[in-house]
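Peer 1: Dropping a prediction and its sequence here:
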Amino acid sequence: MLKLGYKVAPEQFPPSELLKQVIAAEEAGFESIDASDHFHPWSEEGQACFIWSWFGAAAASTQNIELGTGLTCPILRYNPAIIAQAAATVSSLAEGRTYLAVGTGEALNEYSITLEWPEYDERQIRMIEAIELIRKLWTGEKVSFDGCYYQTKKAKLYTLPKNEIPIYISSLVPESAYVAGYYGDGLLTVGGGEGLEKPKQILSEFEKGARDSGKDVESLPKAIEISVEYGVDIEASIENFMKLWSGAAVSALFVNKIYTPEMSVQNGKVVGPETIKKQGCFSENPEDHIKFIKKYSYYSGSLFRATQFFLFSRKNWIYNELFLSLMKREEILALCTSNPEVIATYIESLESQIKQLSEKLQVLESRLNQNSRNSSKPPSTDFFVKGKPNPKSLRKKSEKNPGGQEGHPGTTLKMVDNPD
């Protein structure tokens with residue numbers, strides 16, 4: 001069944017804002033989150049939080065949505081053993097709602113802190129070796145690994161993942177897609193542009209690699225990130241893209257030693273508004289977005305046949321509240337597939353949300369009804385209790401007169417010549 005996800009943008013938003021987005025995405029019915037793992041943003045005006053810390057907060061703040069990288073590079077600034085531990089920890093926190101997407105990275109995130117940027121072929125070999133080591137560590141066994149680039153001696157993960165974490169491998173060109181199919185559990189690529197010929201070639205090579213490694217091609221997830229901007233001010237969306245993301249629109253950034261945000265911006269100066277419009281769907285009409293998604297959908301007979309989408313909105317995240325009110329998840333799925341099961345799934349998600357909210361309401365109401373007469377709360381907390389009794393002393397009145405009693409010697413201050 002088609003899976004709809006949302007790609008958060010740590011290169012643009014601070015982590016607190018990203019957390020609000022993932023909570024809202026889950027409430028809106030999105031099933032998966034894709035988050036980039038960047039050390040540098042694409043622009044000096046961007047952001048770049050440590051995404052693995054953020055995943056911990058996201059896991060603790062959500063109940064059902066799947067969490068994963070889109071993507072991380074486990075070969076240079078990270079030792080792959082650290083990525084294995086990080087992903088296992090997120091899986092443990094999220095009760096198995098985790099996947100891992102990897103790639104060969106960009107100099108923007110790797111070179112500045114390692115001073116290493118090998119040629120693409122070496123980086124691809126490193127990635128393949130890293131994947132092997134990561135999978136071995138996820139078994140929970142002690143791993144002594146002697147690879148060409150990575151070595152361990154009796155290394156063991158003591159916090160194991162709660163699920164068999166699938167590893168998606170990124171491919172932006174057909175030449176790398178075979179490796180993704182052969183060594184990966186799924187494909188992650190990017191949509192956009194004028195035609196489907198390139199995505200079709202990527203899928204073909206991915207499936208060839210999967211078949212050669214003995215996998216069931218039809219069962220493998222094929223995820224695609226597509227850029228969408230909904231709203232009446234389309235020009236502002238394009239301006240925002242050019243300010244913060246233009247460097248990512250030029251393929252040279254993924255190959256050459258472009259390692260600072262300033263260099264990224266310089267690289268993106270060749271990008272104009274018309275080029276950006278071709279990268280995704282910029283429209284205030286929900287039907288345009290639906291049509292754009294259907295171009296890639298497996299269930300609508302697309303040549304690409306994607307089974308998973310990550311909608312990427314750089315300005316109006318999750319299409320903003322207005323778009324959510326116009327185009328809910330079930331409406332998108334109903335137009336992408338004739339499978340009636342999606343309606344049942346949507347209803348189940350709503351019932352789950354209603355149940356959770358009802359339980360919270362019940363707890364809050366029970367707290368409001370508590371006072372000093374029906375709980376251990378002190379009388380001083382009974383601010384809003386009707387007919388609140390005035391506190392009375394338990395002391396009984398005696399027959400004695402007030403003050404000192406007869407025969408009591410008493411004391412008094414004496415006059416002195418030099419008082420202190």
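Peer 2: Looks like it arrived, so ask away.
Peer 1: Let me know the secondary structure of Ile226.
Peer 2: strand (DSSP: H, G, I helix; E, B strand; the rest coil).
Peer 1: ditto for Thr152
Peer 2: Under three-state DSSP, Thr152 falls in the strand class.
Peer 1: Tell me if I am right that Gly68 is in a strand.
Peer 2: Yes: with three-state DSSP as the criterion, Gly68 is assigned to a strand.
Peer 1: who touches it in this structure?
Peer 2: Residues in contact with Gly68 (Cβ atoms under 8 Å, 6 or more residues apart in numbering) are 32-35, 98-101, 168. For the C-beta atoms, the positions are set from N, CA and C on the backbone; glycine is no exception.
Peer 1: again with Ile113
Peer 2: 39, 77.
Peer 1: Then Thr104?
Peer 2: By Cβ under 8 Å, 6+ apart, the neighbours of Thr104 are 73, 75, 120, 123-124, 126-127, 170, 176.
Peer 1: let's go with 6 Å and repeat that
Peer 2: Thr104 is in contact with 123-124, 127, counting by Cβ atoms under 6 Å, 6 or more residues apart in numbering.
Peer 1: now, which of those lie within helices?
Peer 2: Judged by DSSP state H, helices contain the following of the contacts of Thr104: 123-124, 127.
Peer 1: filter the residues you listed to the buried ones?
Peer 2: Listed as buried from those are 123-124, 127; burial here means 16 or more other Cβ atoms under 10 Å.
Peer 1: Can you add pLDDT and distance to Pro15 and give those back as CSV?
Peer 2: Shown next, in CSV, are those (pLDDT from 0 to 100; distance: Cβ to Cβ, whole Å):
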residue, pLDDT, distance to Pro15
Arg123, 97, 28
Gln124, 97, 31
Met127, 98, 27
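Peer 1: Show me which of those residues is closest to Trp138.
Peer 2: Nearest to Trp138 out of these is Met127 (Cβ to Cβ; 16.5 Å).
Peer 1: Check the spacing between that closest one and Asp121 real quick.
Peer 2: Here Met127 is placed at a distance of 11 Å from Asp121 (Cβ to Cβ, to the nearest Å).
Peer 1: ok, now Phe13?
Peer 2: Shown here: Phe13 relative to Asp121, a distance of 35 Å by Cβ to Cβ.
Peer 1: More neighbours: these two, which one.
Peer 2: Taking neighbours as other Cβ atoms under 10 Å, Phe13 and Asp121 compare with Phe13 leading, 18 against 9.
Peer 1: Can you tell me the closest non-neighbouring residue to the more buried one?
Peer 2: Gln47 (6.0 Å; Cβ to Cβ, 6 or more residues apart in numbering).
Peer 1: Regarding the one you found, what is its secondary structure?
Peer 2: Once three-state DSSP is applied, Gln47 turns out coil.
Peer 1: Could you do Ile82 as well?
Peer 2: Ile82 is classified as helix under three-state DSSP.
Peer 1: Distance-wise, check it relative to Gln12.
Peer 2: Ile82 is 25 Å from Gln12, by Cβ to Cβ.
Peer 1: higher neighbour count, those two?
Peer 2: Gln12 (23 against 13).
Peer 1: did I read that right, the more buried one in a helix?
Peer 2: No: counting by three-state DSSP, Gln12 falls outside a helix, being coil.
Peer 1: Tell me who's in contact with it.
Peer 2: Contacts of Gln12 by Cβ under 6 Å, 6+ apart are 46, 244.
Peer 1: now the one 3 residues further on
Peer 2: For Pro15, the contact set (Cβ under 6 Å, 6+ apart) comprises 49, 54.
Peer 1: want to throw the contacts of Thr104 into CSV with distance to Thr381?
Peer 2: Output for the contacts of Thr104, formatted as CSV (distance: Cβ to Cβ, whole Å):
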residue, distance to Thr381
Arg123, 63
Gln124, 65
Met127, 60
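Peer 1: quick one: which of those residues is nearest Ile354?
Peer 2: Nearest to Ile354 among these, with distances taken as Cβ to Cβ, is Met127, at 44.0 Å.
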